[in-house]
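# Compute the structure for the input listed below.
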Amino acid sequence: MQSLAAPPCAGRAQQRTEAPVEYPAAADPFLTVALVQAARELQVEHYLGITASVDTFYEGQERTDSANPYLQRRLQGITEEYRRLNVLNYEMECGTLFKMAGVYGFAAGCVCGVVVQRRERGTSGARSKRCGG
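Numbers count the residues shown, from 1 in each chain. Below is the predicted model:
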């Protein structure tokens with residue numbers, strides 16, 4: 001299952017070196033349409049939607065199954081908040097990629113693979129993968 005990110009990114013990483021934090025992090029609409037068409041032609045199950053581009057794999061995605069189980073109050077409940085705002089998935093790079101592409105005049109899009117379906121279970125399984133389980 002693939003997720004195709006469309007403009008804009010919610011909760012994007014606070015990358016500030018190319019432009020102010022308010023600068024939009026948005027996928028190129030023409031490239032996004034091309035990605036959707038390719039997925040359809042290849043008969044790949046896919047979803048098109050808004051992605052949350054965050055700074056970390058664990059805390060930024062409201063995970064507590066890391067070395068640091070503490071989660072700041074501002075992040076508690078963020079997954080449900082994003083779900084109610086129709087955000088499809090979490091990832092960590094496309095916000096910066098989209099912002100840089102906009103500043104430099106490039107086209108950028110994003111395809112994300114699914115690691116875990118949060119509605120079914122809330123952990124990434126990263127520990128069992130590291131241990132070979």
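# Show the secondary-structure elements that the longest strand anywhere in the chain is packed against.
Scanning the chain for the longest strand, with DSSP state E as the assignment, gives strand 46-53. Counting contacts by 3 or more C-beta pairs under 8 Å, 6 or more residues apart in numbering; DSSP states H and E, strand 46-53 is packed against strand 2-5, helix 29-41, strand 87-91, helix 94-104. Any C-beta I mention is one placed from the backbone N, CA and C, and that applies to glycine too.
# Show me what secondary structure element comes after that strand.
helix 78-84 (DSSP states H and E).
# Between strand 87-91 and the longest strand of the chain, find me the angle.
Using axes from the mean of the first three to the mean of the last three C-alpha atoms, to 10 degrees, one finds that strand 46-53 and strand 87-91 are set 60 degrees apart in direction.
# So for strand 46-53, what gets flagged as buried?
Under the neighbour-count criterion of 16 or more other C-beta atoms under 10 Å, strand 46-53 has 46, 47, 50, 51, 52, 53 buried.
# Just put the helices and strands packed on strand 46-53 in JSON lines and tack on distance to residue 116 and mean pLDDT.
JSON lines is the format used below for the helices and strands packed on strand 46-53 (distance: least, C-beta to C-beta, whole Å; pLDDT from 0 to 100):
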{"stretch": "strand 2-5", "distance to residue 116": "12", "mean pLDDT": "52"}
{"stretch": "helix 29-41", "distance to residue 116": "21", "mean pLDDT": "95"}
{"stretch": "strand 87-91", "distance to residue 116": "10", "mean pLDDT": "88"}
{"stretch": "helix 94-104", "distance to residue 116": "18", "mean pLDDT": "91"}
